[in-house]
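Enquirer: Structure for the following, please:
(one chain, ligands or ions: 1)
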Amino acid sequence: MPVNNRVFSGIQPSGDLHLGNYLGAIRRFVPLQQTHECIYCVVDMHAITVWQDPDELRRATREVAAAFIAAGIDPKAHIVFNQSQVMQHAELAWVFNCVARIGWMNRMTQFKDKAGKNSENVSLGLLAYPSLMAADILLYKAGSVPVGDDQKQHLELTRDIAQKFNNDYAASIAANGLDPEYFPITEPLIAGPATRIMSLRDGTKKMSKSDPSDASRISLLDTADAIAKKIRRATTDPEPLPDNEADLKGRPEADNLVGIYAALSDRSKAEVLTEYAGAGWGTFKPALADLAVAVLEPISTRMRDLLDEPDTIDAHLRDGAERARTIAEKTMFEVRDIVGFIR
Ligand code: AQP
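Expert: As a prediction, the model looks like this:
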């Protein structure tokens, strides 16, 4: 059971948003607005852990904000902002850098993947990334965090950081009259048929903004023609679709395309296979392309309209940041007292 009704999640403006970001995260953010208090953040400080061209960072920040709104997130009823406007994220991340252990960071598979053989030469920020992510979530004491499967390990680290902070400072937390579980033990929300969308070129690799091949991903701003072409050319095996999910095992590309179909149509993979059992790719790929275009086109049209008015997007981000800052500053007031900083 989540400890409270507040949800936090973030997306990096580190390139073109893709179907994995949409199905694994943004699409799932929308219904949570009915039941939760939602805080959705464009995590621009995370993006610069890898060098970003400043103009491109501004463009990509607006693109993520536009995607949130175009997908159905209401920036007035909930909070949409960019991380760098609320400096308390950096302040709490520093405290957490002093709570977390270097060994914890070195074990993160995302760091190992991104640093590759070059780990001495990547930014210090890339190593400390999960500490900033813990700060993003815990600044708002969010009970749940909807993310794709690739973020599971970082969320476990967030829980470890919360626990260690609560233990290390237990006496001070009590002396300040605060709840002994000062930072909540956040629940990850990772569910559904699309927790990890794979590359269209290689079913064993995650669909990712940083994949050098544009054909590996469907971008949210792709035209209908581009979407259909990428799906038509997606790597597959020669077999027809099976009639049950177990038989997708060992067929990563087939499993991925069925998962995408299921997520786009809000069905389970089993339901999709019941409909398409025995079908070849000549039948399934055009059906998937039609479905993807039907779902994504209204979103990309709305995104383009919003991006034509950057001042309006910036105003939403500023307004969201102001409301986020009020919550964040309350937490930091307490944290400064807990840690022993004079204010
Ligand atoms: N392939 C994916 N399938 C499902 N969910 C995904 N997410 C990312 N890729 C997939 C989810 O999208 C949210 C935002 O991700 P992010 O931009 O903050 O970071 P990321 O996971 O590093 O995304 P990318 O696209 O792979 O970016 P690069 O290439 O820059 O590293 C998260 O909830 C994530 O789980």
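
Enquirer: pLDDT score for the closest residue to the ligand within the chain?
Expert: Going by C-beta to the nearest ligand atom, the ligand is nearest to G24 of the chain, at 2.0 Å. (C-beta placed from N, C-alpha, C; glycine too.) G24 is assigned 95 on the pLDDT scale.

Enquirer: Correct me if wrong, but it is in a helix.
Expert: Yes - under DSSP: H, G, I helix; E, B strand; the rest coil, G24 falls within a helix.

Enquirer: Wait, it touches R196, no?
Expert: Yes - using C-beta atoms under 8 Å, G24 is in contact with R196, at 7.0 Å.

Enquirer: Now the common contact residues for the two.
Expert: G148, D149, D150 (C-beta atoms under 8 Å, 6 or more residues apart in numbering).

Enquirer: Tell me, how many residues neighbour Y276?
Expert: When neighbours are defined as other C-beta atoms under 10 Å, Y276 has 19 of them.

Enquirer: same question, the one 5 residues further on
Expert: A count of neighbours around W281, defined by other C-beta under 10 Å, yields 20.

Enquirer: who touches it in this structure?
Expert: W281 neighbours (C-beta under 8 Å, 6+ apart): T236.

Enquirer: hang on, the earlier thing: neighbour-wise, which of G24 and R196 wins?
Expert: A side-by-side neighbour count of G24 and R196, using other C-beta under 10 Å, places G24 first with 25 against 16.

Enquirer: residues in the stretch 151-300 of the chain within reach of the ligand, list them.
Expert: Q151, T195, R196, I197, K206, M207, S208, K209, S210 (C-beta under 6 Å from any ligand atom).

Enquirer: By neighbour count, which of these wins?
Expert: Per-residue neighbour counts (other C-beta under 10 Å) across those peak at I197, which has 26 neighbours.

Enquirer: show me what contacts that one?
Expert: Contacts of I197 (C-beta under 8 Å, 6+ apart): H18, L19, G20, L23, G24, G148, K206, M207, N256, G259, I260, A263.

Enquirer: Could you rerun that using 7 Å?
Expert: L19, G20, L23, G24, M207, N256, I260 (C-beta atoms under 7 Å, 6 or more residues apart in numbering).

Enquirer: Give me the phi and psi angles of the last one.
Expert: When you say that, I think you mean I260. Here is the backbone geometry of I260 (degrees, to the nearest 10): phi -60, psi -40.

Enquirer: how far away is it from V42?
Expert: 25 Å (C-beta to C-beta, to the nearest Å).

Enquirer: And for the first one?
Expert: From L19 across to V42, the span is 19 Å (C-beta to C-beta).

Enquirer: Over to the fifth one?
Expert: Here M207 is placed at a distance of 20 Å from V42 (C-beta to C-beta).

Enquirer: now swap in H18 and tell me
Expert: Taking C-beta to C-beta, one finds H18 at 16 Å from V42.

Enquirer: And those two? Which one has more around it.
Expert: Taking H18 and V42 together and counting by other C-beta under 10 Å, V42 has the greater number of neighbours (27 against 24).

Enquirer: so that one sits right up against S14, yeah?
Expert: No - using C-beta atoms under 7 Å, V42 is not in contact with S14, being 10.5 Å away.

Enquirer: need the strands for the stretch 1-150 of the chain, in chain order.
Expert: For the stretch 1-150 of the chain, strands defined by DSSP state E, counting those that start in this stretch occupy the ranges 6-11, 37-42, 79-82, 144-146.

Enquirer: would you turn those into a markdown table with distance to the ligand?
Expert: Output for the strands of the stretch 1-150 of the chain, formatted as a markdown table (distance: least, C-beta to the nearest ligand atom, whole Å):
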| stretch | distance to the ligand |
| --- | --- |
| strand 6-11 | 4 |
| strand 37-42 | 10 |
| strand 79-82 | 13 |
| strand 144-146 | 7 |
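
Enquirer: export these to TSV and tack on distance to I173 and mean pLDDT?
Expert: Conversion of the strands of the stretch 1-150 of the chain to TSV gives the following (distance: least, C-beta to C-beta, whole Å; pLDDT from 0 to 100):
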stretch	distance to I173	mean pLDDT
strand 6-11	20	98
strand 37-42	23	98
strand 79-82	26	98
strand 144-146	23	96
